[in-house]
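K.L.:
Provided below for reference: sequence and predicted model.
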Amino acid sequence: MRINAYESSKIYKHKIKAYHDKKLQRQNFQPGQQVLLFNLRLRLFPGKLKSKWSGSFVIKEVRPNGVVELVNLMAGTSEKRLIVNGQCLKIYNRGQLERLTSVVYLNDP
């Protein structure tokens, strides 16, 4: 009975790992890109409208195992380097959004 329970738990763990691995998104980062970093250290109720994303950071190096080295150029005179997991990053599209505007003229009756 123990061997049967061990085998079924092993099968369950394998299925759950395959499910979670399928949900991971593979992102291709290039050195020189600007990215946003997900802030994992938010405390309980730090502020209602505080963003979970901080940045912008510039990618200095991309390593083959998914680790990315970031440089924060806003940290004063010296460069502050961070080594983070690539899953915690999102590409920052600062000036590439198209804004649609429309003008409506109102006529007096």
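P.N.:
Happy to help now that I have it. Numbering: from 1, shown residues only.

K.L.:
once you drop chain neighbours, what's closest to G55?
P.N.:
Leaving out its chain neighbours, the residue that sits closest to G55 by C-beta to C-beta, 6 or more residues apart in numbering is L36, at 3.9 Å. Where C-beta positions appear, they are placed from N, C-alpha and C, glycine not excepted.

K.L.:
neighbouring strands - and their directions - for the longest strand anywhere in the chain?
P.N.:
In terms of residue count, the longest strand belonging to the chain (DSSP state E) is strand 53-62. Strand 53-62 has the following strand partners under DSSP bridges: strand 34-38 (antiparallel), strand 67-72 (antiparallel).

K.L.:
if we can go back for a sec, next one: the residue nearest to G55 from A5, what distance?
P.N.:
Distance of L36 to A5, given as C-beta to C-beta, to the nearest Å: 45 Å.

K.L.:
higher neighbour count, these two?
P.N.:
L36 (18 against 9; other C-beta atoms under 10 Å).

K.L.:
residue contacts, the more buried one?
P.N.:
Each residue near L36 by C-beta atoms under 8 Å, 6 or more residues apart in numbering is listed here: W53, S54, G55, S56, F57, L89, K90, I91, Y92.

K.L.:
that one bridge partners, please.
P.N.:
With DSSP bridges as the rule, L36 is bridged to G55, K90.

K.L.:
any idea how far it lies from Q25?
P.N.:
Distance from L36 to Q25, counting by C-beta to C-beta: 15 Å.

K.L.:
what does Y105 give?
P.N.:
Distance from Y105 to Q25, by C-beta to C-beta: 45 Å.
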